[in-house]
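Visitor: turn this into a model:
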Amino acid sequence: MPERTLVALHGNFASSAWWADLLAAPPQGWRVLAPDLPGFAGTAFAGEVSIPAYADWLEGWLAAQGAGHPVLLGHSLGGAVALEAAARRPEAYAGLVLAASAPLSGLVTPEENYPVLELLRGHEQLRELSLGALFPSRRPDNFATLLEHAAQMAPGHYSGNARALASWSVEPARLAGLPALVLGGELDRLITPELVRAQAAALGTAATLLPGVGHGFPQEDPATFRALLQEFLNPLS
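Guide: Coordinates of the predicted model:
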């Protein structure tokens with residue numbers, strides 16, 4: 001049987017390097033593709049900062065890759081991009097994996113937090129503190145690379161991505177019938193277990209919460225994450 005394709009989309013302040021473990025040990029029978037979204041990790045960016053614009057880019061990128069009928073995996077902001085793309089054309093995808101994904105109703109950042117987001121642009125220690133807080137159980141081995149890529153994000157993305165998530169939403173009915181795996185970390189303070197459960201309920205499935213890990217659970221516990229992926233993907237092969 002030919003390999004199927006899993007497309008992994010990173011979150012905010014992130015890059016394809018967040019999927020290093022998954023790329024090194026993909027689920028059996030699957031190849032993993034992990035792009036850097038526009039304006040992340042120093043990639044070119046000249047468009048609108050919005051979830052629909054990122055989904056537009058993704059559709060073009062997938063066509064160029066010849067990805068066929070892939071499963072979309074989205075982490076955090078990448079989950080919103082995956083949801084937007086899948087809601088437009090659910091028939092184009094074999095399934096959807098949401099890992100600490102932005103909620104279907106969007107994610108509102110309190111207005112008083114925007115100055116801190118802008119401060120992150122030029123404050124290395126604050127970036128390290130903020131990024132490190134996403135991994136409460138352990139920092140991944142390539143944390144230095146993740147930190148470097150976070151510093152290379154386009155200047156307009158710092159507040160822009162938060163505004164984009166606040167103004168975006170998707171109707172769950174548009175995703176009806178698409179197999180979905182909804183995952184979260186029990187220690188995640190950004191996408192809390194309550195948000196993960198609500199997202200799963202909206203999609204008509206159950207949430208899986210990993211104990212002892214936070215927002216970066218795919219990197220904190222890559223073996224468990226890969227096993228959950230494999231179980232979900234097997235029937236789709």
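
Visitor: which residues does the spatially most central residue of the chain contact?
Guide: Nearest to the mean C-alpha position of the chain, by Cα atoms, centre = their mean, lies H75 at 1.8 Å. Applying Cβ atoms under 8 Å, 6 or more residues apart in numbering to H75 gives the contacts A8, L9, H10, G11, A14, W18, A99, A100, S101, P218. For the C-beta atoms, the positions are set from N, CA and C on the backbone; glycine is no exception.

Visitor: who does it form a beta bridge with?
Guide: Per DSSP bridges, the residues bridged to H75 are A99.

Visitor: same deal with L33?
Guide: Beta-bridge partners for L33, by DSSP bridges, are V7.

Visitor: hmm, L9 and it touching each other?
Guide: No. Using Cβ atoms under 8 Å, L33 makes no contact with L9, being 9.8 Å away.

Visitor: ok, back up a step: what's the closest of the contacts of H75 to A180?
Guide: Within the contacts of H75, proximity to A180 (Cβ to Cβ) peaks at S101, which comes in at 10.1 Å.

Visitor: and the closest one, how many neighbours does it have?
Guide: Around S101 there are 29 other residues, counting by other Cβ atoms under 10 Å.

Visitor: now it: how far from R127?
Guide: Counting by Cβ to Cβ, to the nearest Å, the gap from S101 to R127 is 23 Å.

Visitor: then R89?
Guide: Note on R89: its distance to R127, by Cβ to Cβ, is 36 Å.

Visitor: and the least confident helix or strand in the chain by mean pLDDT, what does it pack against?
Guide: The weakest-scoring helix or strand in the chain, judged by mean pLDDT, DSSP states H and E, is helix 114-119 (a mean of 85). Applying 3 or more Cβ pairs under 8 Å, 6 or more residues apart in numbering; DSSP states H and E, we find helix 114-119 packed against helix 157-166.

Visitor: relative to the helix or strand that comes right after the helix it packs on, what are the paired strands and their orientations?
Guide: Scanning forward in sequence from helix 157-166 by DSSP states H and E, the next helix or strand is strand 180-185. In the sheet, strand 180-185 lines up against strand 95-99 (parallel), strand 207-210 (parallel) (DSSP bridges).

Visitor: what about strand 180-185, distance to the chain center?
Guide: 11 Å (Cα atoms, centre = their mean, to the nearest Å).

Visitor: also stretch 8-16?
Guide: On the basis of Cα atoms, centre = their mean, stretch 8-16 sits 6 Å off its chain's mean C-alpha point.

Visitor: do stretch 209-218 as well
Guide: Relative to the centre of its chain, stretch 209-218 is centred 14 Å away, using Cα atoms, centre = their mean.

Visitor: which parts of that stretch are buried?
Guide: Using 16 or more other Cβ atoms under 10 Å as the test for burial, stretch 209-218 gives L209, L210, V213, G214, H215, G216, F217, P218.

Visitor: closest one of the residues you listed to A166?
Guide: For these, the nearest to A166 is H215 (18.1 Å; Cβ to Cβ).

Visitor: what about dumping the CA coordinates of stretch 199-217 to CSV?
Guide: These are the backbone C-alpha positions of stretch 199-217, laid out as CSV (Å, rounded to 0.1, in the frame of the first residue of the first chain):
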residue,chain,number,x,y,z
GLN,A,199,-13.8,21.7,20.7
ALA,A,200,-14.2,18.0,20.7
ALA,A,201,-17.8,18.2,21.6
ALA,A,202,-18.5,20.7,18.8
LEU,A,203,-17.0,18.1,16.4
GLY,A,204,-18.9,15.2,17.8
THR,A,205,-16.0,13.4,19.2
ALA,A,206,-14.2,12.9,22.5
ALA,A,207,-11.1,14.8,23.7
THR,A,208,-7.9,13.1,24.7
LEU,A,209,-5.9,14.9,27.3
LEU,A,210,-2.3,13.9,28.0
PRO,A,211,-1.3,14.0,31.7
GLY,A,212,1.7,16.0,33.0
VAL,A,213,2.3,18.0,29.8
GLY,A,214,1.3,21.4,28.5
HIS,A,215,0.8,23.3,25.3
GLY,A,216,3.9,21.8,23.7
PHE,A,217,2.8,18.2,24.4
